[in-house]
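Undergrad: Sharing a sequence plus its predicted fold:
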Amino acid sequence: MKVELHCHSTASDGTLSPEELVELALHEGLEALAITDHDTVAAYDPARRAAAGYRLEVVPAVEINCEEGQLDVHVLGYGIDPNSPLLLHTLASLQQSRVRRMGEILIRLRDLGVPVREERVLAFAAGQSVGRPHVARAMVEAGHVADLAAAFDFFLGQGKPAFVPRRNLRPSQAIQLLREAGGVAILAHPGLIGDEGLIRNLVAAGLQGLEAFHPAHPPLLCQHYQELADSLGLLVTGGSDYHGPKQGHRVELGGVCLPPETYPRLRQAARNGAWE
């Protein structure tokens with residue numbers, strides 16, 4: 001069964017609309033698609049409508065950006081109730097925090113002699129989740145930098161002069177939120193975190209799985225996280241983390257191969273029936 005469990009649309013920092021992702025998923029012969037936008041579920045309803053009548057299951061999903069000390073930690077939620085009042089309220093608060101952060105970044109850029117218009121950033125962020133990639137695109141458009149990588153390397157990356165820390169949930173809070181919304185909480189790309197002590201702490205907080213298969217994980221690291229998940233009694237998932245054409249992604253939509261039992265086990269673990 002060919003599935004995609006980690007990708008992004010224009011509702012956050014992807015460049016394809018939910019409808020375009022569904023069209024691409026159908027072209028690639030996928031049977032299930034989870035659009036895991038950052039801190040928003042806005043893509044779910046348009047994607048579900050676009051997939052109506054086709055043999056493509058659209059998974060209600062989200063990726064919540066978190067922080068633990070100095071670590072940037074992302075938690076994926078699958079099978080969530082996309083209409084959960086608590087989930088929607090919390091995501092709305094995170095969106096407001098993103099807007100405030102963007103404003104602070106733009107002030108820093110202005111003070112550095114690199115002015116960027118807020119309306120252009122918001123235009124690039126066509127969806128709900130404005131973030132640094134949208135600021136970077138506006139910087140490229142304004143001619144301040146040659147490409148997105150330069151924007152992060154010289155201005156927006158952690159420790160750079162226009163970097164502003166996030167004000168996010170802790171991963172344990174995100175896990176609780178996702179589980180209360182009926183979802184399955186999975187730690188995204190653990191290899192980018194590199195802290196197995198944190199993984200064990202999050203298991204105690206209710207974490208249910210690891211994204212072992214990710215383009216940033218070499219084969220031996222994928223195997224390591226599979227084995228770690230087995231030893232901890234966790235689910236294993238994976239996905240391409242696709243953000244759209246020409247976005248520097250390592251593989252195409254649906255390009256990460258998963259063990260055949262991955263999706264059925266994940267689906268079975270969700271308890272709210274949102275997939276039905």
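TA: Sure, I can see it. Just so it is clear, the model here is predicted, and its values are computed rather than measured.

Undergrad: Show the pLDDT at A126.
TA: The model reports A126 with a pLDDT of 75.

Undergrad: whoops, I mixed them up, Q158
TA: 86.

Undergrad: do the same with Q247
TA: 59.

Undergrad: for the stretch 51-200 of the chain, which spans come out with low pLDDT?
TA: Along the stretch 51-200 of the chain, the model assigns pLDDT under 70 to residues 127-128.

Undergrad: now the helices for it?
TA: 85-111, 118-124, 132-141, 148-151, 171-180, 196-204 (DSSP state H, counting those that start in this stretch).

Undergrad: P259: which of those is closest?
TA: helix 196-204 (19.9 Å; Cβ to Cβ). C-beta here means a position set from N, CA and C on the backbone, and glycine is covered the same way.

Undergrad: by contact count, what packs against the following helix or strand past that closest one?
TA: Going down the chain from helix 196-204, the next helix or strand is strand 209-213, by DSSP states H and E. Here strand 209-213 touches strand 184-187, helix 219-232, strand 235-238, going by 3 or more Cβ pairs under 8 Å, 6 or more residues apart in numbering; DSSP states H and E.

Undergrad: Mean neighbour count, the ones you listed: which tops it?
TA: Stretch with highest mean neighbour count among the helices and strands packed on strand 209-213: strand 184-187 (a mean of 28; mean count of other Cβ atoms under 10 Å).

Undergrad: Please write out the alpha-carbon positions of that one in PDB.
TA: As requested, C-alpha coordinates have been extracted for strand 184-187 and formatted as PDB (Å, rounded to 0.1, in the frame of the first residue of the first chain):
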ATOM      1  CA  VAL A 184      -2.100   9.200  17.600                       C
ATOM      2  CA  ALA A 185       1.000  11.200  18.600                       C
ATOM      3  CA  ILE A 186       4.200  10.500  16.700                       C
ATOM      4  CA  LEU A 187       7.600  12.100  17.100                       C
END
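
Undergrad: That one pairs with which strands?
TA: Applying DSSP bridges, strand 184-187 is found paired with strand 71-78 (antiparallel), strand 209-213 (parallel).

Undergrad: Now the longest one: buried residues?
TA: Spelled out, it's strand 71-78. Neighbour-count burial for strand 71-78 flags 73-78 (criterion: 16 or more other Cβ atoms under 10 Å).

Undergrad: in the chain, which residue is closest to the centre?
TA: E63 (3.9 Å; Cα atoms, centre = their mean).

Undergrad: list the contacts for it?
TA: When contacts are counted by Cβ atoms under 8 Å, 6 or more residues apart in numbering, E63 touches 6, 8, 12, 36-39, 74-77, 188.

Undergrad: go again using 7 Å as the cut-off
TA: Counting by Cβ atoms under 7 Å, 6 or more residues apart in numbering, E63 makes contact with 36-38, 74, 76, 188.

Undergrad: Next one: it from D37, what distance?
TA: E63 is 7 Å from D37, where distance means Cβ to Cβ, to the nearest Å.

Undergrad: about what we covered before: out of the buried residues of strand 71-78, the closest to G131 would be?
TA: Distances from G131 to those, taken by Cβ to Cβ, are shortest for H74, at 12.4 Å.

Undergrad: Spatially nearest residue to that closest one (excluding sequence neighbours)?
TA: Excluding its sequence neighbours, the residue lying closest to H74 (Cβ to Cβ, 6 or more residues apart in numbering) is A188, at 3.9 Å.
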